[in-house]
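Trainee: Take a look and give me a structure for this.
(2 chains)
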Amino acid sequence: MELNKLLVTTLGVGLVGLIYWFFFGKKEEVVRASSEINIIVDGGYKPAAIRLKKGIKTTLKITRKDPNTCLEEIILPEFKIKKYLPLNEQVDIEITPQKVGEVGFHCGMNMYHGKIIVE
Amino acid sequence: MNKPIRSKLRIDPSSEFVHSSPKASLNNSKFVKKSFPVIGMHCASCARLIERSLQKTPGVISSSVNYASEEASVECDPKVKDKDLAEAVEKAGYKAVFVDEDKQKTADEVKQTEKKKELADLKIKVIVSSILSAFIFLGSFPEWFTFIPRFLTNPFVLLILSSPVQFWAGKGFYQATWSGLRNRTASMDTLIAFGTSAAYGFSLLVTLFGSNLENLGFPRVMYYDTASIIITLILLGRYLEAKAKAHTSDAIKKLLGLQAKTARVFRDGKEIDIPIEEVIDGDKIRVRPGEKIPVDGEIIEGSSSIDESMVTGESIPVDKKVGDNVIGATINKNGSFIFRATKVGKNTMLSQIVKMVSEAQSSRAPIQRLADVISSYFVPIILMLAVTTFVVWYDLGTFSQAFTNMIAVLIIACPCALGLATPTAIMVGTGRGAEKGILIKDAEALETAHKVKTVIFDKTGTLTQGEPLVTDYKFDSSDKKYLKDEEIKGLLTSVEYHSEHPLSKAIVGKFDTGETQRYMMSVKNFKAIEGFGVEGIVLDKKVIVGNKKLLDSNKININKNLEEKTKSWTEDGKTLAYVSVDGIHVGVIAIADTLKSGVAEMVSDLRRKGIEVWMITGDNETTAKAIANEASIKNILAEVLPADKAEKVRGFKKRPGSFVAFVGDGINDAPALASADVGIAMATGTDVAMESAGITLLNKDLRMVNTAINLSKKTLSVIKQNLFWAFGYNVILIPVAMGILYPFFGLLLNPALAAFAMAASSISVVGNSLRLKTIKI
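Mentor: This is a model prediction of the structure:
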């Protein structure tokens, strides 16, 4: 194999590995919420993983700081909640999880994800 | 230092004032309280000055200004405008801050405004980048377009033309990519930003260092046209998609639009028009012919015929009189009446419907799960595939092939179509249901309803009207010749009028004539004998109405002639009431719960679909059979206690391949509704919050059971088409973009064509879902 092809192949394989590590290798920080928790929407959800107690009402105080329209809606399908998030304005969502387990939430286009771990 | 405080205008009828004028002791119920910040105060006396100025404003009852919080509150007539108050404050030398209109808008209104702005912005970008892209395209292929001026082919001119498209029109892609990468996530925008940046970036290098690159073995090719056309087409796709998507939530907008704006209420003995938000429980409201009923309530005076089609889907106007419930947002046809508000604000039926529909539209259909899992891995996988494509083509082909194929892979991938496939169909489907009076609790109920193989109907109140009615009667006064039929009716109605029993009500309902009023007054010694009937003395005649046992216990002989003639009624499962006057048996009345209209038609429709139909009831076998025959239902479960209904439903579910729907009236049937695979509740009165049922029918028309199943079938088929299309599109076109067809047919996908396909795929998914709005169900 010619040198340039070898170089491109090696770089390519490295790049694939890097993409894999970058997107799938991240460790999620799980934040425990009490009666309320602030969530910032900026290129995703911060925090993206929240730990809640079953049967306890929690207010998710969500502020969107990202102008990307993909993030303008938040959907919590398990709680049948869909809310429009005006830019830079706090939106409160109250939830009382009734089942132990993991439930997801995501943006309107299902591109950005977060999860709620119910204990 | 006084800084302006911007707070929301509050209207709070319960709050206390710091200071109020003597006028405030009047009945304040028709006044509103407003609070607003005031700026420019230096001391407590400034506050008093403003108070006085405000109190001089016509319509203001009391005012109080708090120096510490820099806030003024006034109690005033609702007609007093913010502007008047602001002027009064200004007159005193200060400034009132009223929150601008935008702040008072609801989240939905803010969203509408934002969306409008976004669409307008997108439109400008599409137009400008289309024009620029056209020139770039012409300039990029001088060999095809020989007529174009020479300067357009200059790489620097192309660079100048394509830069605004890349960085102004495509700014959003970069913003989204950047914010995503910071969180180690990627989206659609990442793919487009990477794809077009690669094309633009390489062209820039060629423009600046063309000969150097050529020496290094790179071809002297530019891709300005590719980058610009991709951005233009994708923006155009987004524009069209946003326009189409706005229509998926039309049903909610339509429902909200039904609301009346004002109500004519009685306050302090006067009739005044007030905004609907200010109507409170117990308000007496007048509705004139042709007007919309503002909130839910009960008629206390007058009667009318009311068009409830907009809420319940029931096409025939319903006659309502004193004591009947009326629903907000329905239209009063010809009469005029006064009703007492019983449910206002978020408790009205319309608000509950809107809530239920929007909840269903936000829920997740089980069929969506796979698409959800895929979309969370989709973009990183495409990025890896794009790199692989480049490497393989570089090793086996040329740099140009490797480069264009990599861009095509990045651009063709469309996770959007996957994400939109199910939710858009669910939104349009639930909306369509709501228009027909079919409320769907969640996406799962809509998805599963079409699988039903067995439908079990509760009898009373579901298949039947739920109110006993007189179906037949026979009078024979041959022993008392002076009694005419009309007189018998008058006598028996007078006695029955004093009883609350449903059978008595049925008799009064049937025979109540003008005569009744005359006789009624003179009923003496009225007695209701529980389980038997009633008796009383009317115009010195002893009247007994009850079952056979009651006549037996009074030693009254049964008229054989009457008994013979009415024998078939017993066989039909009807309840018989015997009438005697002065110890002589003079009549028999048959009372039965009657079938709702359209039941037989609905049953045969269901059977045609291969669905088994059952009827469940607490009645005895004879009565049950009679009703079942009339409804042409062959399978019955009689003498089932209400508590055992759920158990029976579970029994059906255990049968192999069985998928059971239970249709009940939602009050005592809750356990059975919840046990069934699909619970269908008939809404009663204005209570639509049928938590235990997946589907609630707002009108009494049972044919809607069939319609609900059809709607489920049609929605599911649209979802399947969408998913098939979205999956198929990606599964087929990604390998094509990677160049899989090249070894066989020598075909490669042009990145610009990839952009076109990508834009078209999302639009077609939304378009297909919108079909549910007009499809026949």
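
Trainee: thought B:Lys542 was touching B:Gly583?
Mentor: Yes - the pair B:Lys542 and B:Gly583 passes the contact test of C-beta atoms under 8 Å, sitting 7.1 Å apart. Yep, even glycine has a C-beta here, placed from its N, CA and C like the rest.

Trainee: and the residue of the stretch 201-350 of chain B nearest chain A?
Mentor: With distances taken as C-beta to the nearest C-beta, the stretch 201-350 of chain B approaches chain A most closely at B:Gly217, which sits 7.2 Å away.

Trainee: Could you find the closest non-adjacent residue to A:Thr69?
Mentor: Distances taken as C-beta to C-beta, 6 or more residues apart in numbering or on different chains put B:Glu118 closest to A:Thr69, at 6.5 Å, once the chain neighbours are dropped.

Trainee: name the element that neighbour belongs to?
Mentor: Under DSSP states H and E, the secondary-structure element containing B:Glu118 is helix B:107-140.

Trainee: Could you give me the buried positions within the helix or strand just after that helix?
Mentor: On the C-terminal side of helix B:107-140, the closest following helix or strand by DSSP H and E is helix B:155-164. By neighbour count, and taking 16 or more other C-beta atoms under 10 Å in any protein chain shown as the criterion, the buried residues in helix B:155-164 are B:155, B:157-159, B:161-163.

Trainee: Is it possible to get a markdown table of those that adds pLDDT?
Mentor: A markdown table is the format used below for these (pLDDT from 0 to 100):
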| residue | pLDDT |
| --- | --- |
| B:Pro155 | 93 |
| B:Val157 | 95 |
| B:Leu158 | 95 |
| B:Leu159 | 96 |
| B:Leu161 | 96 |
| B:Ser162 | 96 |
| B:Ser163 | 96 |
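
Trainee: Go through the residues you listed and say which is closest to chain A.
Mentor: Of those, the one sitting nearest to chain A (C-beta to the nearest C-beta) turns out to be B:Ser163, at 21.5 Å.

Trainee: what about the closest one, distance to B:Ile230?
Mentor: When C-beta to C-beta, to the nearest Å is the yardstick, B:Ser163 and B:Ile230 sit 15 Å from each other.

Trainee: cool, and B:Ser553?
Mentor: Distance of B:Ser553 to B:Ile230, computed by C-beta to C-beta: 93 Å.

Trainee: do the same with B:Leu370
Mentor: B:Leu370 sits 29 Å away from B:Ile230, taking C-beta to C-beta as the criterion.

Trainee: ok, B:Lys542 and B:Gly583, which is more surrounded?
Mentor: Neighbour comparison, B:Lys542 and B:Gly583: the larger count goes to B:Lys542, with 17 against 14 (by other C-beta atoms under 10 Å in any protein chain shown).

Trainee: The residue in chain A that chain B sits nearest to: neighbour count?
Mentor: Here the residue of chain A nearest chain B is A:Gly43; by C-beta to the nearest C-beta that distance is 2.7 Å. Taking other C-beta under 10 Å as the neighbour definition, A:Gly43 ends up with a count of 23.

Trainee: same thing with A:Asp92?
Mentor: Neighbour count of A:Asp92, defined by other C-beta under 10 Å: 10.

Trainee: for it, helix, strand, or coil?
Mentor: For A:Asp92, the secondary-structure state derived from DSSP: H, G, I helix; E, B strand; the rest coil is strand.

Trainee: in the sheet, who's paired with it?
Mentor: Beta bridges link A:Asp92 to A:Lys61, judged by DSSP bridges.

Trainee: That one and B:Lys81: what is the separation?
Mentor: 31 Å.

Trainee: one step back: can you give me how far the helix holding B:Glu118 is from the chain middle?
Mentor: 32 Å (C-alpha atoms, centre = their mean, to the nearest Å).

Trainee: Get me the contact residues on the stretch 151-300 of chain B for chain A.
Mentor: On the criterion C-beta under 8 Å from any C-beta of the partner chain, chain A has as its neighbours in the stretch 151-300 of chain B the residues B:172, B:175-176, B:178-189, B:217.

Trainee: What's the local residue count around the residue in the stretch 151-300 of chain B positioned nearest to chain A?
Mentor: Shortest the stretch 151-300 of chain B-to-chain A distance, computed as C-beta to the nearest C-beta: residue-wise this is B:Ser179, at 2.7 Å. The burial metric for B:Ser179, expressed as a neighbour count using other C-beta under 10 Å, is 23.

Trainee: Mind pulling up the pLDDT for it?
Mentor: B:Ser179 is assigned a pLDDT of 79 by the prediction.

Trainee: Doesn't it lie inside a strand?
Mentor: No - per three-state DSSP, B:Ser179 lies outside any strand segment and is helix.

Trainee: which residues sit in contact with the nearest residue to it once chain neighbours are set aside?
Mentor: Distance criterion C-beta to C-beta, 6+ apart; nearest residue to B:Ser179, sequence neighbours excluded, is A:Gly43 at 2.7 Å. With C-beta atoms under 8 Å, 6 or more residues apart in numbering or on different chains as the criterion, the residues that contact A:Gly43 are A:66, A:68, A:112, B:176, B:178-183, B:185.

Trainee: Filter those down to just the buried residues.
Mentor: Burial of those was assessed by neighbour count (16+ other C-beta under 10 Å); the buried members are A:66, A:68, A:112, B:176, B:179-181, B:183, B:185.

Trainee: Who has more neighbours out of B:Leu370 and B:Ile230?
Mentor: It is B:Ile230, of B:Leu370 and B:Ile230, that has more neighbours when counted by other C-beta under 10 Å, with 31 against 13.

Trainee: Mean pLDDT per helix and strand in chain B: which one sits at the bottom?
Mentor: Each helix and strand of chain B was given a mean pLDDT (mean pLDDT, DSSP states H and E); the minimum falls on helix B:101-104 at a mean of 45.

Trainee: list the buried ones in the helix or strand hosting B:Phe202?
Mentor: Taking DSSP H and E as the criterion, B:Phe202 maps to helix B:188-215. Along helix B:188-215, the positions that meet the burial threshold by neighbour count (16+ other C-beta under 10 Å) are B:188-200, B:202-204, B:206.

Trainee: can you check stretch B:594-608 too?
Mentor: With burial defined by 16+ other C-beta under 10 Å, the residues of stretch B:594-608 counted as buried are B:594-596, B:599, B:602-603, B:605-606.

Trainee: Contacts for that stretch next, please.
Mentor: Residues from elsewhere that reach stretch B:594-608, judged by C-beta under 8 Å, 6+ apart: B:455, B:463-465, B:469, B:471, B:613, B:627, B:630-633, B:700-703, B:705-706, B:709.

Trainee: before we move on, the earlier item: please name the spatially closest residue to the residue of the stretch 201-350 of chain B closest to chain A (chain neighbours excluded).
Mentor: When the adjacent residues along the chain are set aside, B:Gly217 lies closest to A:Asn4, with 7.2 Å between them (C-beta to C-beta, 6+ apart).

Trainee: what does B:Gly180 give?
Mentor: A:Gly43 (4.9 Å).

Trainee: pLDDT (mean, whole number) over the host helix or strand of B:Gly297?
Mentor: With elements taken from DSSP H and E, the one containing B:Gly297 is strand B:296-302. Here the mean pLDDT over strand B:296-302 is 92, rounded to a whole number.

Trainee: A:Val16: how many residues sit nearby?
Mentor: 17.

Trainee: which residues of chain B score low on pLDDT?
Mentor: Counting by pLDDT under 70, chain B contains low-confidence ranges at B:1-30, B:40-45, B:66-70, B:99-108, B:479-482, B:513-521, B:666-667, B:684-691.
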